[in-house]
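1. build the 3D model from these lines:
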Amino acid sequence: MGKRILSQRAGRGSPTFRSPSHIHTAPAKYPPPTNETLSGVVLELVHDPGRWVPLARIKLENGVEYYIPAAEGMFVGQEVYIGPEAPINTGNTLPLGSIPEGTKVYNIELSPGDGGKLSRQAGSYALILGRSGNYTLVQLPSGKVRPIISTARATVGIPAGAGRIEKPLLKAGASYHKWKVKARKWPRVRGVAMNAVSHPHGGGSHQSVSRPSTVSRTTPPGRKVG
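-> You can find the predicted model right below:
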């Protein structure tokens, strides 16, 4: 009788492999866009177990509250602005077309009103390089330069929490708790370290895949390993 490998079991979507969304603080995204520039205040900085970056809870002058990834240097009580006329200061949100070249930004929208999709990780920022018609050229953390519609919004600054990987875990127990709150199965055993019954790469007198690592695009998911 066959045995499902790890990647196949994860595809079922059981609670073991599902993100524990009930412990997450809130979605982090901008409010719907408007043509006016609004001021707001940072009410609190909160830890979200589902992210590496802290969240800032912001209340605008019209009463709307929302969460966004906090910027480095942001503090409780800070006055922030959102809109096309906002000043170029850390924590303020503007359309890409209103941000000068060379500015570091994060939480970038791909289309106006989507709330922010790019550069949301701790310490991960993008760079405004220039303009091309109705598009703004943005250098992403990967180094790729991508044109994004200039009416999409971004926040000035760098997401807080940079340098988190500089502190070593030291022991496996720390890694266990690290991944417990994420949608990640841990530990992950290598296929070549398993028995032959447990994985297509398992078995043998030494650790070796012992078969071509390339597979046809028409093969079932169980063969697409390696």
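2. every contact and neighbour count from this point should use C-alpha atoms.
-> OK.
3. compute the first-to-last residue distance for stretch 49-57.
-> 15 Å (C-alpha to C-alpha, to the nearest Å).
4. what do you get for stretch 77-86?
-> 18 Å.
5. any residues touching it, and which ones?
-> 33-44, 87, 91-95, 98 (C-alpha atoms under 8 Å, 6 or more residues apart in numbering).
6. how far out from the middle of the chain is that stretch?
-> 23 Å (C-alpha atoms, centre = their mean, to the nearest Å).
7. so which bits of it are buried?
-> E79, V80, Y81, I82, G83, P84, A86 (16 or more other C-alpha atoms under 10 Å).
8. got TSV for the residues you listed, with distance to P212 too?
-> Converted to TSV, the buried residues of stretch 77-86 look like this (distance: C-alpha to C-alpha, whole Å):
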residue	distance to P212
E79	59
V80	56
Y81	56
I82	54
G83	55
P84	55
A86	57
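9. mind listing what's buried in the lowest-mean-pLDDT helix or strand in the chain?
-> Every helix and strand of the chain was ranked by mean pLDDT, DSSP states H and E. The lowest is helix 6-10, at a mean of 78. Going by neighbour count (16+ other C-alpha under 10 Å), the buried part of helix 6-10 is A10.
10. adjacent strands (with direction) for the helix or strand just after that helix?
-> Following helix 6-10 in sequence order, the next helix or strand is strand 38-46 (DSSP states H and E). Using DSSP bridges, strand 38-46 pairs in its sheet with strand 55-60 (antiparallel), strand 79-82 (antiparallel).
11. picking up where we left off before, among the contacts of stretch 77-86, name the buried ones.
-> Using 16+ other C-alpha under 10 Å, the buried ones in the contacts of stretch 77-86 are 33, 38-44, 87, 91-95, 98.
12. which of those residues sits closest to P212?
-> P95 (49.2 Å; C-alpha to C-alpha).
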